[in-house]
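> Just need the structure, nothing else, for what follows:
(one chain, ligands or ions: 2)
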Amino acid sequence: MERETWATRIGFILAAVGSAVGLGNIWRFPFQVGQNGGSAFLIMYLACVLLIGIPAILVEFVIGRRSQRNPIGAFHALGKSRFRAIGAVCVVTGFVILSYYTVVAGWVLRYIGGSATGAYFGSEEAYFLEIATGYDAVVLHAVFLAVTVGIVMLGIKRGIELAVKAMVPAIALLLAGLAVYALTLDGVVDGYRYYLSPDFATLAAEWTTILPAAVGQALFTLSLGMGVMITYASYVGEDQSLLVDSGSIALLDTVIAFLSGLILFPILFTIDATPGDGGAGEFFIGVGGAFADIPLGTIVGVVFFVTLAVAALSSAISILEVIVSYFIDEFGFDRRVATFGVGVIVFVAGIPAALDMGTFEVYDQVTGELLLPLGMFLLVLFVAWVVPEESLDELLKGRSGSNLDVFWLWWVRTVVTVAVGLTLVLSVYGFAV
Ligand code: PHE
Ligand code: NA
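Ligands and ions are numbered 1, 2, ... in the order given. Model (predicted):
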């Protein structure tokens with residue numbers, strides 16, 4: 001059977017943006033800012049997206065478009081089967097990320113209802129602890145996964161591309177609306193100050209911890225290190241400029257993350273909550289506490305969590321597609337069968353995370369801090385030293401050549417390799433102690 005392609009270039013870009021924009025922008029980014037020194041982190045993060053994120057997107061893009069394959073099959077198609085273990089790391093990472101990402105998304109679904117009825121108002125912490133693990137968490141994990149499976153089953157053009165064309169503009173509009181609303185809050189001045197006033201002193205003093213956190217967040221937020229961008233680029237048929245596309249994708253993802261900060265910090269400062277006290281749960285508890293308190297909290301809460309759910313969905317479909325494309329390309333599975341089967345396995349894999357908070361945190365840390373940097377590091381080494389010529393050639397298609405391409409390769413070999421490698425080392429070290 002003929003392999004599918006995107007119907008339009010904008011469809012491909014929106015799918016990649018849909019993958020990028022997710023819980024990472026709205027849930028993870030603000031608490032990373034909070035834990036890593038506020039505006040100091042923001043500066044480092046922006047630098048990482050520009051200097052490491054964009055070149056790294058291109059690393060995945062050239063592999064995908066060149067091979068027209070899933071992340072494992074790509075190595076074979078490039079005549080480098082020896083390196084296919086790199087692709088296996090990607091697919092395994094995809095399994096783990098998806099299985100707990102849909103658990104968080106399940107919490108988000110629950111919070112849509114909880115905001116509408118005010119169920120958590122006044123008892124934010126008890127509410128989170130009650131819903132985060134157990135029977136309900138498993139059920140909502142299944143519900144969210146079922147929707148994800150439903151879209152991916154429909155294929156590239158009729159499933160993913162159609163879905164993201166509706167979802168991505170909706171996310172942007174809803175967030176813009178929320179940012180305008182945040183301007184009316186009492187906490188806007190303090191929130192903006194905390195978020196935006198440049199803090200070079202903290203940056204200079206703590207860069208050794210801020211740097212790996214910023215690189216890690218840049219990879220996570222751009223969906224890098226597990227083959228999403230390889231897979232999505234493998235459905236690009238024509239020779240469009242990957243360079244331009246990577247820039248657009250990174251820009252849109254950054255705008256969305258930035259907007260989330262403009263919403264969340266005023267909200268948190270309005271109720272005098274300190275940003276960044278903790279991770280996953282603290283976010284829901286803190287934000288929930290704010291919605292219980294601020295004007296129009298019920299409506300704003302519903303809109304906020306609906307936006308978050310849509311953003312999570314457009315990311316979840318991209319992770320599922322990585323795994324599904326592997327089974328279709330390599331074993332000739334029917335798409336519907338492959339999608340359903342993978343969905344069932346991911347559901348089972350997510351159950352431990354949905355039952356126990358400690359297990360959940362292990363899933364999150366092992367993928368975010370270890371597997372994604374590892375996958376990205378291996379992909380970078382592969383492009384930079386195993387297939388540099390082919391990669392350059394692929395990058396040149398669809399546009400006239402320039403010194404920029406040669407510069408990209410040099411940059412990947414030096415700065416990107418060192419930064420991602422250093423992040424990996426520091427993360428491993430962080431796990432060891
Ligand atoms: N980029 C997504 C987000 O910001 C998360 C993600 C990571 C998606 C890795 C796919 C692969 O939420
Ligand atoms: Na993101």
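
> how close does residue 404 sit to ligand 1?
26 Å (CB to the nearest ligand atom, to the nearest Å). Every C-beta, even on glycine, is put in place using the N, C-alpha and C of the backbone.

> And the host helix or strand of that residue, what does it pack against?
Assigned by DSSP states H and E, residue 404 belongs to helix 403-411. Applying 3 or more CB pairs under 8 Å, 6 or more residues apart in numbering; DSSP states H and E, one finds that helix 403-411 contacts helix 54-67, helix 388-396.

> Excluding residues flanking it in the chain, which one is nearest residue 198?
In space, and not counting its chain neighbours, residue 198 is closest to residue 39: 5.7 Å by CB to CB, 6 or more residues apart in numbering.

> how many neighbours does the one you found have?
19 (other CB atoms under 10 Å).

> So which bits of the stretch 101-250 of the chain are right by ligand 1?
220-221, 223, 226, 228 (CB under 6 Å from any ligand atom).

> Among those, which pair sits farthest apart?
Largest separation among those by CB to CB: 221 and 226, giving 13.1 Å.

> quick one: which of those two has more around it?
The residue with more neighbours, out of residue 221 and residue 226, is residue 226; 34 against 26, by other CB under 10 Å.

> per-residue pLDDT, that one?
With respect to pLDDT, residue 226 scores 96.

> Is it in a helix, a strand, or coil?
Under the three-state scheme (DSSP: H, G, I helix; E, B strand; the rest coil), residue 226 adopts coil.

> show me the contacts for the residue in the stretch 201-350 of the chain that ligand 2 sits nearest to.
For the stretch 201-350 of the chain, the residue closest to ligand 2 is residue 221, as judged by CB to the ion, at 3.3 Å. Residues counted as contacts of residue 221 (CB atoms under 8 Å, 6 or more residues apart in numbering) are 20, 24-25, 28-29, 49, 53, 253, 257.

> Give me the nearest residue to the residue nearest the centre of the chain, chain neighbours excluded.
Nearest to the geometric centre of the chain sits residue 221, at 3.9 Å (CA atoms, centre = their mean). Sequence neighbours aside, residue 24 is the residue nearest to residue 221 in space, at 4.3 Å (criterion: CB to CB, 6+ apart).

> and if you look at residue 426?
Using CB to CB, 6+ apart, the closest residue to residue 426 is residue 212 (4.4 Å).

> thinking that neighbour is in contact with residue 423, fair?
Yes - using CB atoms under 8 Å, residue 212 is in contact with residue 423, at 4.5 Å.

> Show me the shaky parts of the stretch 201-350 of the chain.
The stretch 201-350 of the chain contains residues with pLDDT under 70 at 275-280.

> For it, what lies in contact range of ligand 2?
For the stretch 201-350 of the chain, the residues in contact with ligand 2 (CB under 5 Å from the ion) are residue 221.

> switch to 8 Å and redo it
Neighbours of ligand 2 within the stretch 201-350 of the chain, by CB under 8 Å from the ion: 220-223, 253, 256-257, 315.

> since we're on residue 408, how many residues are nearby?
Residues contacting residue 408 under the criterion other CB under 10 Å number 20.

> How about residue 294?
By other CB under 10 Å, 20 other residues sit near residue 294.

> do the same with the one 3 residues further on
When counting by other CB under 10 Å, one arrives at 19 neighbours for residue 297.

> Can you get me a residue count around residue 402?
Residue 402, neighbours per other CB under 10 Å, totals 10.

> For it, give me the pLDDT.
Predicted confidence (pLDDT) for residue 402: 75.

> Can you give me the separation between it and ligand 2?
Distance of residue 402 to ligand 2, computed by CB to the ion, to the nearest Å: 29 Å.

> Equivalent analysis for residue 394, please.
Per CB to the ion, residue 394 is found 25 Å from ligand 2.

> isn't that residue right up against residue 62?
Yes - with contact defined as CB under 8 Å, residue 394 counts as touching residue 62 (4.3 Å).

> Identify the contacts common to those two.
Joint contacts of residue 394 and residue 62 (CB under 8 Å, 6+ apart) are residue 242.

> As a check, name the ranges of all helices in the stretch 201-350 of the chain.
Ranges of helices in the stretch 201-350 of the chain, per DSSP state H, counting those that start in this stretch, are 228-234, 242-270, 280-293, 297-331, 335-355.

> tell me the angle the helix holding residue 404 makes with helix 54-67.
100 degrees (axes from the mean of the first three to the mean of the last three CA atoms, to 10 degrees).

> before we move on, back to that, let me have the contacts of residue 221 in TSV, adding distance to ligand 1 and neighbour count as columns.
Output for the contacts of residue 221, formatted as TSV (distance: CB to the nearest ligand atom, whole Å; neighbours: other CB atoms under 10 Å):
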residue	distance to ligand 1	neighbour count
20	5	30
24	2	26
25	5	27
28	7	23
29	8	25
49	12	24
53	11	27
253	7	27
257	8	26
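
> Among those, find the lowest-pLDDT one for me.
Among these, residue 28 has the lowest pLDDT, at 86.

> What residues does it make contact with?
Counting by CB under 8 Å, 6+ apart, residue 28 touches 217, 220-221.

> cutoff 7 Å now
By CB atoms under 7 Å, 6 or more residues apart in numbering, residue 28 lies in contact with 217, 220.

> Let me see the backbone angles for it.
With angles defined as degrees, to the nearest 10, residue 28 sits at phi -80, psi -40.

> cool, residue 226 as well?
Note on residue 226: its backbone torsions stand at phi -140, psi 20 [degrees, to the nearest 10].

> neighbours of the residue nearest to it when sequence neighbours are not counted, just the number please.
Spatial nearest neighbour of residue 226, chain neighbours left out: residue 93 (4.2 Å); criterion: CB to CB, 6+ apart. Counted with other CB under 10 Å, the neighbours of residue 93 add up to 23.

> And the one 3 residues further on, by the same measure?
Residue 96 sits with 21 neighbouring residues when counted by other CB under 10 Å.

> How about it, nearest residue that isn't a chain neighbour?
residue 367 (5.2 Å).

> Could you verify my assumption that the one you found touches residue 94?
No - proximity of residue 367 to residue 94 does not meet the contact threshold set by CB atoms under 7 Å, at 9.3 Å.

> The two: which is more packed in?
residue 94 (29 against 26).

> Quick check: chain neighbours aside, which residue is closest to that one?
Nearest residue to residue 94 in three dimensions, chain neighbours excluded: residue 322, at 4.6 Å (CB to CB, 6+ apart).

> I'd like to know how far residue 257 sits from residue 265.
As judged by CB to CB, to the nearest Å, residue 257 and residue 265 stand 13 Å apart.

> my bad, residue 241
Plainly put, residue 241 is 36 Å away from residue 265 if you go by CB to CB.

> Those two - which one has more neighbours?
Higher neighbour count among residue 241 and residue 265: residue 265, with 26 against 15, using other CB under 10 Å.
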